[in-house]
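Quick one, what's the 3D model for this:
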Amino acid sequence: MLVIHPHIHNEEKSFYPFPLNHIMQDYDGHVLCHHVTGLCMSSVPHTGYAHDVLLFLHGLLYKFGVVNRLTFGETVLNYSLHVVLGVLAWGYLWFVYAGMNWVQRLLGVGGEKGGEKKTKIA
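Here you go, the predicted model:
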């Protein structure tokens with residue numbers, strides 16, 4: 001990040017060449033969205049939507065005075081959000097793994113039942 005972050009700000013374009021620039025979305029997601037609206041924390045497509053929504057709602061709690069800085073309520077809220085983000089991250093990883101496993105079975109690659117090969121011992 002010490003190289004990419006300054007590059008995308010100074011050059012006003014993605015650090016990555018085509019087509020990786022559309023996958024990583026470092027310039028569009030970070031500069032054009034994060035610095036303009038305050039959202040778009042994730043630079044990998046489709047993985048940051050839940051985080052963006054939580055971040056926006058978190059900000060609204062401060063804006064409307066539901067939570068105040070340096071209070072016990074803020075500590076509980078922030079730890080709770082970290083737990084929710086952790087659960088969402090693990091859920092996302094499980095979803096990706098399950099999807100890859102399903103595609104492997106559909107295509108008939110990776111052995112029987114998603115990668116389990118049966119070998120005969122003589």
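
Buried residues, stretch 66-82. List them.
Using 16 or more other Cβ atoms under 10 Å as the test for burial, stretch 66-82 gives 67, 77, 81. Backbone N, C-alpha and C define where each C-beta goes, glycine included.

what sits against the nearest residue to the second one once chain neighbours are set aside?
Think L77. Take L77 and drop its neighbours on the chain: the residue closest to it by Cβ to Cβ, 6 or more residues apart in numbering is V67, 5.5 Å away. Contacts for V67 (Cβ atoms under 8 Å, 6 or more residues apart in numbering) come out as 61, 73-74, 77.

Can you read off the pLDDT for W90?
Looking at W90, its pLDDT is 81.

And C40, by the same measure?
In this prediction, C40 has a pLDDT value of 61.

one step back: what kind of secondary structure is the residue nearest to L77 in?
Assigned with DSSP: H, G, I helix; E, B strand; the rest coil, V67 falls in the coil class.
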